[in-house]
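> what's the 3D shape of this:
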Amino acid sequence: MSLHFFFLEILVDVGLAGFLIFVLTYAFHLMQLLEVFKNNKDGLLGMTAISTAIALLIFPISSISLSSGNYFLPWFLLFGMGTSLIIYVEKENEEVEMPCAPQELSHCC
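Just a heads-up that it's a prediction; the model follows:
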């Protein structure tokens, strides 16, 4: 069914439970992108995060006139780009634990 509004079409396609899961995931995703921006304001990661978040915020508004906007490829690409950016930053921030202190390295192996 073509309802010409992104969120309403998702609601009709997947029902209330699926819609709530989708909206919560969408909101959580946007919050994580904003957190990446806060922690990397001056870097390329921060600029990419905020531009992706803005594009994801604008997409539902711009999809009002689209037919079947939930199958619109650029939306999936934006969501995937945001997800990969969040995963990249999380892995970059993980601390690598060394098995022992550097001066004891010769005795560890």
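
> what bits of the protein have low per-residue confidence?
Along the chain, the parts satisfying pLDDT under 70 run over 1-3, 65-72, 95-109.

> which parts of it are strands?
Read by DSSP state E, the chain holds no strands at all.

> the helix ranked longest in it packs against which elements?
For the chain, the helix reaching the highest residue count under DSSP state H is reported as helix 6-39. Counting contacts by 3 or more Cβ pairs under 8 Å, 6 or more residues apart in numbering; DSSP states H and E, helix 6-39 is packed against helix 44-62, helix 73-93. Quick note: C-beta positions are derived from backbone N, CA and C, even for glycine.

> what about the residue nearest to residue 29 when sequence neighbours are not counted, how many residues nearby?
Spatial nearest neighbour of residue 29, chain neighbours left out: residue 82 (5.9 Å); criterion: Cβ to Cβ, 6 or more residues apart in numbering. As a burial measure, residue 82 scores 22 neighbours (other Cβ atoms under 10 Å).

> again, but for residue 22
By other Cβ under 10 Å, the residues close to residue 22 number 16.

> re the thing from before, so the residue nearest to residue 29 is in contact with residue 31, correct?
No: using Cβ atoms under 8 Å, residue 82 is not in contact with residue 31, being 11.2 Å away.

> which neighbours do those two share?
Shared contacts of residue 82 and residue 31 (Cβ atoms under 8 Å, 6 or more residues apart in numbering): none.

> residues in contact with the residue nearest to residue 29?
Residues in contact with residue 82 (Cβ under 8 Å, 6+ apart) are 29, 32-33, 49, 52-53, 56.

> and it, how far from residue 48?
Separation of residue 82 from residue 48 (Cβ to Cβ, to the nearest Å): 9 Å.

> next one: residue 81
For residue 81, the distance to residue 48 (Cβ to Cβ) stands at 8 Å.
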